[in-house]
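> The following block contains a protein sequence and its predicted model.
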Amino acid sequence: MPSLVLENGVVFGYTDSGVVSAGGVDYTTLVIIHGHTFHSGTFQRLHAQAQANSLRIISVNRREYPGSSPYSAEELTAFIEGNDAERASLLEQQGRDLAMFLDGLIAELSIPQTGGVALIGWSMGTLFLLSLIACIETLPTATQERLRAWVHSVVMLQSPSLALGLPSPSGRLIPHTDPTIAPEARGPAFAKWVSSYFLHGDLSTHNIDHLTYNDTDPAKPSTIETLKPEDLFAMTDFAPAEKYDNIVGLPPFAGPVFSQTNKALFNSAVREAWSCTRFWNIYGSAEPWTVIYGCWFLEDQSRAMNLEITSKVIQGSNHFLVWEDPEKAINELKGCFSY
């Protein structure tokens, strides 16, 4: 796995589909930030679609995941025990590190400006994507200028509400908060739940009563149930969940995460800094309720504040479109920057 070392010593491992062999430099580079437990290996099936679609696909592993730096003891303590200010500072640092990683990639891999970069946060990766977006004014001037010049699209792909800092509505559960699931069984239960096909009601209502927690399509097995053991091993790492992913995605972190969401998407200065970048909110109609609920928030809030975030619903898609139907996933993503 290739890697890039930042000036502060942080290392990020990543996967790379490679330079597009035809078409000169007129191709787009997708840079993907993965979610909870499912790391860069989740996107490997997209690589077969890259060359024919004039795309280069780079998936970075967040810290604690394969090929990337672990957190220090002090950082892990801040995740677990920090106050809101310490946690906000920690989130900002994640954004700066990822921004410097992207800036370093542009230089080291000679990523062409002509096709530019589409920056994608998948699932809980949206939280870290928004850390990057929110920190733009804290970056070195040259880095700010390069990111503004190269990044033409920001895609929040299948973003759960907890990645945005939204509190769960009363009575709404996820496997990690379900009292009927033993703590030691919640990891496997989450993997099956998050990759199932759900039978929701009328999504056009934006009414949470139309969202189900556990009513799934009996004709469609969850993605996790269809994976070969070697595929599951190549796309998951469960250890970081206990160290920090579970913590960042649960209520104790909601305040700093929600503040970050508002800064990244609805702060006028930050949006002005990204004024040449288009923002997208994409989700599937068969996803877990928390994803649809989070994406509804983005739709409703952007409409209320008259800010441009283009939303798109993929009919019939579960949370693992990138694995279940790579060709469709690529076509949906290309629609975000083929204009």
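Arrived safely, thanks for sending.
> Which parts of the chain are strands?
Chain-ordered strands for the chain, with DSSP state E as the definition, fall at 3-5, 11-16, 28-33, 55-60, 117-122, 151-157, 278-284, 310-314.
> Dump the ones you listed into CSV; add mean neighbour count and distance to residue 168 as well.
C-beta here means a position set from N, CA and C on the backbone, and glycine is covered the same way. Putting the strands of the chain into CSV (neighbours: other CB atoms under 10 Å; distance: least, CB to CB, whole Å) gives the following:
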stretch, mean neighbour count, distance to residue 168
strand 3-5, 15, 36
strand 11-16, 20, 31
strand 28-33, 26, 23
strand 55-60, 24, 28
strand 117-122, 26, 20
strand 151-157, 25, 19
strand 278-284, 23, 17
strand 310-314, 17, 21
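> Adding distance to residue 83 and mean pLDDT, write the ones you listed out as JSON lines.
Rendered in JSON lines, the data for those read as follows (distance: least, CB to CB, whole Å; pLDDT from 0 to 100):
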{"stretch": "strand 3-5", "distance to residue 83": "31", "mean pLDDT": "98"}
{"stretch": "strand 11-16", "distance to residue 83": "28", "mean pLDDT": "98"}
{"stretch": "strand 28-33", "distance to residue 83": "26", "mean pLDDT": "97"}
{"stretch": "strand 55-60", "distance to residue 83": "29", "mean pLDDT": "97"}
{"stretch": "strand 117-122", "distance to residue 83": "26", "mean pLDDT": "98"}
{"stretch": "strand 151-157", "distance to residue 83": "27", "mean pLDDT": "97"}
{"stretch": "strand 278-284", "distance to residue 83": "30", "mean pLDDT": "97"}
{"stretch": "strand 310-314", "distance to residue 83": "34", "mean pLDDT": "95"}
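> would you list the ones you listed in a markdown table and tack on distance to residue 138?
What follows is the strands of the chain, written out as a markdown table (distance: least, CB to CB, whole Å):
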| stretch | distance to residue 138 |
| --- | --- |
| strand 3-5 | 20 |
| strand 11-16 | 19 |
| strand 28-33 | 18 |
| strand 55-60 | 20 |
| strand 117-122 | 17 |
| strand 151-157 | 16 |
| strand 278-284 | 20 |
| strand 310-314 | 27 |
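> right, and those - which one's nearest residue 69?
Checking these against residue 69 by CB to CB gives strand 11-16 as the closest, at 4.6 Å.
> For the closest one, name the packing helices and strands.
Based on contacts counted as 3 or more CB pairs under 8 Å, 6 or more residues apart in numbering; DSSP states H and E, the elements that strand 11-16 packs against are strand 3-5, strand 55-60, helix 84-108.
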